[in-house]
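# Got a sequence here, can you build the structure:
(one chain, ligands or ions: 1)
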Amino acid sequence: MSGDESRQWMEAMVDPLVACDGHEHILYVNPAAERLLGWRREQLVGRPFALLLPDRLRTFGSQSFLRHMHSRVWERGGGAVRTRIHLHNHSEREVDVTVGASGAPGEERITVVLRRVPERIRAREEPPESATHTTPAVEHAYQLVFENAPLGLFHFDDTPTLIACNDYFVRLIGTSKRRIIGLNLLALHDEAITACVRDVLEGRHAYYEGDYRTTPTGKATPVRVHFAPCIAENGEVEGGVGIVEDITEQRSAEAERTRLFREAQEAIRVRDDFLTIASHELKTPLTPLSLRLASLERRLERQEPVDPALLRHARQHLLRLTALINDLLDASRIEAGRLALQFEPTRVDSLVERALAGMDAERGQHRIDYSHPSEPVRIRGDAYRLEQVIANLLENALKYSPGASTVRVSLDVRGDFALLSVADEGIGIPRDQQEQLFERYFRARNVSITSYGGLGLGLYISRDIVERHGGRIWVESEMGRGSTFYVALPLLSAVNPPPPEPQALSQHMH
Ligand code: ADP
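Have a look, this model is predicted:
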């Protein structure tokens, strides 16, 4: 056959054909190829074949596209390989490629036959002829399932090149089909994924879970992927499929469950600690009380004189017990929103004086300095409950500071507020725990149950009472140097002032 004759044959071919030299430069393009590619022959002759390929498909590892396709066609016993090419109008088109080569290396002639892959088959009407034969209607049904399944789906061949994927998949990983179809999955950076792909090519199922990060946008999506091999009729693996689930919601539900579990565990721990402390605290006054009553009984039986101090001590233990039980009751009333307050005009200066008088028995070696206001300080509030707050602050100041130190109490008016402060020279409070002091059952780490008794309820109750008066309670403290607790309450003359700013008020005190 002469050169002219073979050229005529090629011109007459229905399938698009491109012929290249050994350096992969185009020598010839037949009319069918011109029609498919949108280029005219003279525009292509002499130019590299790579011009007809999307950037991402120009090389496969160290091989050029044509070398790679040639070896694949060879592996497949001459069968075409599906891929995509780049058209003159910059769009892409899916084609089946067959690459043939002959001649010595460098001198070769390479022919590339490009067959169009038909656009989506749209026929619906015909029912399937038989279960094994795929009719257009069935294919259409497959297509519908593929495109509309609420899961990301993709398919790759045994090279392993991504051949197809649905819209859900590209949306999920935040890219476009154009970018990823034709991608070699072994070129992905995520080693966990490439390991799954390798497993699949060896015929095994594989699972991936993690944050998939797309390179162009850097968007990370938490996904779970199930990879499964596609096995041909002859038993060979001819690629694989992947099912991708977006697990963003599952992840946040899991995180929420973990958080709730931790909170529940913490609540159980707090309850257990509380029970230990509460039983210890409730039991402590009982032993001396019972001893004193026994000694009283003996003396009375022997008709000996009774020391009033014995009775006083017994009473003090009873008062301590009553106070603890009252704190427990108040705390549960607050939790249930049932701690009732009786608001009426009252004088804070009188409440402070009454609370100080009540401290006489507990004062011991301490000195208490009181800097009182020059005029009565009137507010609207529950006198009984506010006295409880002041007494709690005084008791704490005495309890958490060494004997013979001074507790300084001051009451003053600051703008719309009455400001009370109780300062001690005691153990202080670790800075990182100062915020938490007002929480239920909270006790700072520098008070151990044995040396300083307490249920961690006094300040919790105090905060509730003060805030329900439209006021605020806070602390300033330095470890080992002492603490100052402040209470600000709106004056009777002030009409609903906004809650006071601690810093602004306490600055005046120093
Ligand atoms: P309790 O004193 O019964 O433990 P409170 O609610 O009155 O309960 O106080 C909570 C915690 O605040 C105390 O356990 C202690 O750690 C800390 N605290 C309160 N007042 C003082 C103070 N004046 N000095 C040092 N720490 C204090």
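
# Extract the CA atoms of the lowest-mean-pLDDT helix or strand in the chain and return them as PDB.
Ranked by mean pLDDT, DSSP states H and E, the weakest helix or strand in the chain is helix 502-506, scoring a mean of 73. Extracted C-alpha coordinates of helix 502-506, given in PDB (Å, rounded to 0.1, in the frame of the first residue of the first chain):
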ATOM      1  CA  PRO A 502     -17.000  46.000  90.700                       C
ATOM      2  CA  GLN A 503     -13.800  47.600  89.600                       C
ATOM      3  CA  ALA A 504     -15.200  51.100  89.600                       C
ATOM      4  CA  LEU A 505     -16.600  50.700  93.100                       C
ATOM      5  CA  SER A 506     -13.700  48.900  94.800                       C
END
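
# now for that helix, which elements pack on it?
Applying 3 or more Cβ pairs under 8 Å, 6 or more residues apart in numbering; DSSP states H and E, one finds that helix 502-506 contacts strand 417-423, strand 472-478, strand 482-490. Any C-beta I mention is one placed from the backbone N, CA and C, and that applies to glycine too.

# So for the first one, mean pLDDT?
Confidence over strand 417-423 (mean pLDDT, whole number) is 97.

# Which of the residues in the helix or strand just after that strand are classified as buried?
Sequence order places helix 458-468 as the next helix or strand after strand 417-423, per DSSP states H and E. Residues of helix 458-468 classed as buried: 458-466 (neighbour count, 16 or more other Cβ atoms under 10 Å).

# what do you get for stretch 477-486?
477, 482-486.

# same question, stretch 388-408
388-401, 407-408.

# Check stretch 319-338 too.
320-321, 323-324, 327-328, 330-331, 334.

# got it, and stretch 195-206?
Buried, per 16+ other Cβ under 10 Å, within stretch 195-206: 196-197, 199-201, 206.

# what sits up against that stretch?
156, 158, 160, 185-186, 207-208, 225-229, 231, 237, 240 (Cβ atoms under 8 Å, 6 or more residues apart in numbering).

# was I right about L420 contacting R414?
No - here L420 does not reach R414: they are 10.5 Å apart, not a contact under Cβ atoms under 8 Å.

# so what sits against both of those two?
A488.

# which of those two has more neighbours?
Set L420 next to R414 and count neighbours by other Cβ atoms under 10 Å: L420 wins out with 28 against 16.

# from the contacts of stretch 195-206, which ones fall inside helices?
Among the contacts of stretch 195-206, no member falls in helices (DSSP state H).

# For PyMOL, write a command that selects the buried ones of those.
Applied in PyMOL, the following selects the buried portion of these according to 16+ other Cβ under 10 Å:
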select buried, resi 156+158+160+185+186+208+225+226+227+229+237+240
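
# Output the buried residues of stretch 319-338 in TSV, with distance to A267 and secondary structure appended to each entry.
Below are those laid out as TSV (distance: Cβ to Cβ, whole Å; DSSP: H, G, I helix; E, B strand; the rest coil):
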residue	distance to A267	secondary structure
R320	28	helix
L321	27	helix
A323	26	helix
L324	22	helix
D327	20	helix
L328	17	helix
D330	20	helix
A331	15	helix
I334	17	helix
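
# Which single residue of the stretch 1-150 of the chain ends up nearest the ligand?
P150 (53.9 Å; Cβ to the nearest ligand atom).

# got it, and the chain?
Closest point on the chain to the ligand, by Cβ to the nearest ligand atom, is G454, at 2.4 Å.

# what's near enough to touch that residue?
Contacts of G454 (Cβ under 8 Å, 6+ apart): 277, 281, 399, 443, 447.

# What is the burial count for the second one?
Going back to what we said before, that points to E281. 18.
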